[in-house]
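Peer 1: next comes the sequence, and after it the predicted model I'd like to discuss.
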There are 2 protein chains.
Amino acid sequence: MSREQIVTGAADMIRRRGLNATSIREVAKHAGTPLGSTYHYFPGGKNQLATEAVQWAADTVQKVLAAKLRKGPAEGLKAFFALWRQIVTDSDFQAGCPVLAVSVEETTSAEALAAAAGAFRTWSGQLADSLEEHGVAKHRAQSLAQLVVAAAEGAVAMCRAQRSIEPLDNVAAELTALIEART
Amino acid sequence: MSREQIVTGAADMIRRRGLNATSIREVAKHAGTPLGSTYHYFPGGKNQLATEAVQWAADTVQKVLAAKLRKGPAEGLKAFFALWRQIVTDSDFQAGCPVLAVSVEETTSAEALAAAAGAFRTWSGQLADSLEEHGVAKHRAQSLAQLVVAAAEGAVAMCRAQRSIEPLDNVAAELTALIEART
DNA sequence: GCTATCCTATGACGAGCGTTATAGCCAGAG
DNA sequence: CTCTGGCTATAACGCTCGTCATAGGATAGC
C-alpha cells in the first residue's frame, strides 16, 4: 500500500533532515506517489503525516524492545543500542532518530510533539518494567530507564556530529555495565 | 555591539526552533538590526551565522564547566545539569541546546556541524580530563564523560517533548551517584 | 568643511513551501 | 455496459526563504 510508503518515507526523511526540512513534495516524490495523494491519505496535512511518521518509528522500536526484553533487561538494552548503531552506521552518520528530531523543533505541530513524548514514555516504560521485574526498586528502575533512553538519543546525535560511532559504543558499554551490576 | 546581539539571538532561536526554522530575517528583527546588516557582518551568510552561534553556545558552556570543574568532577557535573535545567525551565520547555539542534539536521552547513562536533568534544574532553585527574583511568574517563554529555542532551530533549523536568532530574541523579562512586 | 569608511535602508530575484481546487482516470459493483 | 467512488494529475494561491545590489546616511580623521 502506498499510504504506508508515504509514512515510512516521511519518517526516514525526518530522521535525516529534521521535520522542518522535510517537505511534503519531497516525501511524495521519494515514495513514488503524486503530491495529490498525500492530501488524500492525510487530510490533516503535514501535521498528520508527521504525527503518523513519529508513531510508526515509535512502534517499530517498541516491538523490537518488547521482543528482546523477554530475555531480560540487559538483552533489551543491547538490542536498543544495536538498533541505533545500525541506523547510524548504515546511513554513514546521516540518519538519527525522528522522535528526537521532532522534539527539538518548537515549530513542530503539537500532535507530533505529543507523539514524540509518547514514544519516550513507551520506551523508557518498557525498560523500567523489565528492570522492576528483575529486582530493581520502582523509582530507581524508572530513573535508570530514562537514563538509557536519554543517553542513547544523545549519543546518536553526537555520533552524527562527530562522524564517529565511538560515543554510542562507549555509552552502550557504560550502561551495560551499570545495568548488569543492578540485576 | 550589534554583531554580538545577532549571534546570541541566532543561538537562542536555533535553541528553540532548530536551524532550518531559524530565518535570517527573523534573527535580524529579533536583534533589532536591519536585514542588510546581517550580510554586512556575516558575508558567509547563514552558514557563517549558524557556525558562530553554535560556537558561542559552546564557549558559554565551556567556560562554566571550566570554572566549576576546578572543584572536582562532581561539582562540574552538577553545574552542567543545573545549566540545562535552567534553560529548559526558564523557557517553559521551549528551549534546548543549539548544538544538538544543529547535529540533528542533515541540511545543515558542514561548518556548523563541525562546530557542533567540536562542542561535544570540548565538553566531554573537559569532563574526562577532570575525571582522570581524580583517579579514573583514561579510557574509562572518556566513556563516562561521553555518557554524561549524551545523557544530558538527550534528557533535555525528552523534557521538552514531555513538558516535564523529571527526566533531566532523574538522569542527573543517576549520573551524580555514578560519578561520585568512582572518585 | 570634506571625504572616506562603516553601517543602514529598501527592494528585488528566483525558488521552494503548505495547501487547495478541479478535472480526469480507472477498477469493480450493479 | 454503465456508473460510482477511490485515486491521480496539474495548476494555482499566497507566503517566506536566502541572497544580492544599490542607494542613503552618519561619523571620524584631516
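Peer 2: Sure, I can see it. Note that the structure is predicted; figures quoted are calculated from it, not measured. Numbers count the residues shown, from 1 in each chain, chains lettered A, B, ... in the order given.

Peer 1: tell me which helix or strand of chain A sits lowest on mean pLDDT?
Peer 2: helix A:35-41 (a mean of 90; mean pLDDT, DSSP states H and E).

Peer 1: check the offset of it from the chain's centre.
Peer 2: The chain centre lies 26 Å from the centre of helix A:35-41; the measure is C-alpha atoms, centre = their mean, to the nearest Å.

Peer 1: does DNA strand C sit close to the next helix or strand after that helix?
Peer 2: Toward the C-terminal end, the helix or strand that comes next after helix A:35-41 (DSSP states H and E) is helix A:45-69. Yes: counting by C-beta under 7 Å from any atom of the strand, DNA strand C is contacted by helix A:45-69 at A:Gly45, A:Lys46, A:Asn47. In this view, the C-beta of every residue, glycine as well, is placed from N, C-alpha and C.

Peer 1: before we move on, the earlier item: ok, residues contacting the least confident helix or strand of chain A?
Peer 2: A:Ser2, A:Arg3, A:Ile6, A:Ile24, A:Arg25, A:Val27, A:Ala28, A:Gly45, A:Leu49 (C-beta atoms under 8 Å, 6 or more residues apart in numbering or on different chains).

Peer 1: how about it: buried residues?
Peer 2: The neighbour-count check on helix A:35-41 (16 or more other C-beta atoms under 10 Å in any protein chain shown) flags A:Thr38, A:Tyr41 as buried.

Peer 1: which one among the contacts of helix A:35-41 gets closest to DNA strand D?
Peer 2: Minimum distance to DNA strand D across these is 5.5 Å, recorded for A:Ser2 (C-beta to the nearest atom of the strand).

Peer 1: that closest one and DNA strand C, how far apart?
Peer 2: 14 Å (C-beta to the nearest atom of the strand, to the nearest Å).

Peer 1: name the SS class of the closest residue to that residue other than its chain neighbours, please.
Peer 2: Nearest residue to A:Ser2, sequence neighbours excluded (C-beta to C-beta, 6 or more residues apart in numbering or on different chains): A:Thr33, at 5.0 Å. Here A:Thr33 is coil, with the state taken from DSSP: H, G, I helix; E, B strand; the rest coil.

Peer 1: to what extent is A:Thr33 buried, counted in neighbours?
Peer 2: 18 (other C-beta atoms under 10 Å in any protein chain shown).

Peer 1: can you give me the helices for chain A?
Peer 2: Assigned by DSSP state H, the helices in chain A fall at A:2-17, A:24-31, A:35-41, A:45-69, A:73-90, A:98-103, A:110-133, A:138-162, A:166-182.

Peer 1: and those, which is most packed in?
Peer 2: Stretch with highest mean neighbour count among the helices of chain A: helix A:98-103 (a mean of 30; mean count of other C-beta atoms under 10 Å in any protein chain shown).

Peer 1: is chain B within reach of that one?
Peer 2: Yes: using C-beta under 8 Å from any C-beta of the partner chain, helix A:98-103 comes into contact with chain B via A:Val99, A:Leu100, A:Ala101, A:Val102, A:Ser103.

Peer 1: any idea of the mean pLDDT for that helix?
Peer 2: The predicted model assigns helix A:98-103 a mean pLDDT of 97.

Peer 1: for stretch A:166-183, same thing?
Peer 2: On average, stretch A:166-183 scores 94.

Peer 1: got the CA positions of it in PDB?
Peer 2: The C-alpha coordinates for stretch A:166-183 follow below in PDB (Å, rounded to 0.1, in the frame of the first residue of the first chain):
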ATOM      1  CA  GLU A 166      32.600   5.900  19.300                       C
ATOM      2  CA  PRO A 167      30.300   7.800  21.600                       C
ATOM      3  CA  LEU A 168      27.500   5.400  21.000                       C
ATOM      4  CA  ASP A 169      29.700   2.400  21.700                       C
ATOM      5  CA  ASN A 170      31.200   3.900  24.800                       C
ATOM      6  CA  VAL A 171      27.800   4.900  26.200                       C
ATOM      7  CA  ALA A 172      26.400   1.400  25.500                       C
ATOM      8  CA  ALA A 173      29.300  -0.200  27.300                       C
ATOM      9  CA  GLU A 174      28.900   2.100  30.400                       C
ATOM     10  CA  LEU A 175      25.200   1.400  30.600                       C
ATOM     11  CA  THR A 176      25.600  -2.300  30.000                       C
ATOM     12  CA  ALA A 177      27.900  -2.500  32.900                       C
ATOM     13  CA  LEU A 178      25.600  -0.400  35.100                       C
ATOM     14  CA  ILE A 179      22.500  -2.400  34.300                       C
ATOM     15  CA  GLU A 180      24.200  -5.800  34.700                       C
ATOM     16  CA  ALA A 181      25.500  -4.700  38.100                       C
ATOM     17  CA  ARG A 182      22.000  -4.000  39.300                       C
ATOM     18  CA  THR A 183      20.200  -7.100  38.100                       C
END
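
Peer 1: contacts made by that stretch with the rest, please.
Peer 2: A:72-74, A:77-78, A:81, A:84-85, A:88, A:131, A:134-136, A:140, A:144, A:147-148, A:151-152, A:154-156, A:158-159, B:120, B:124, B:142-144, B:146-147, B:150-151, B:178.
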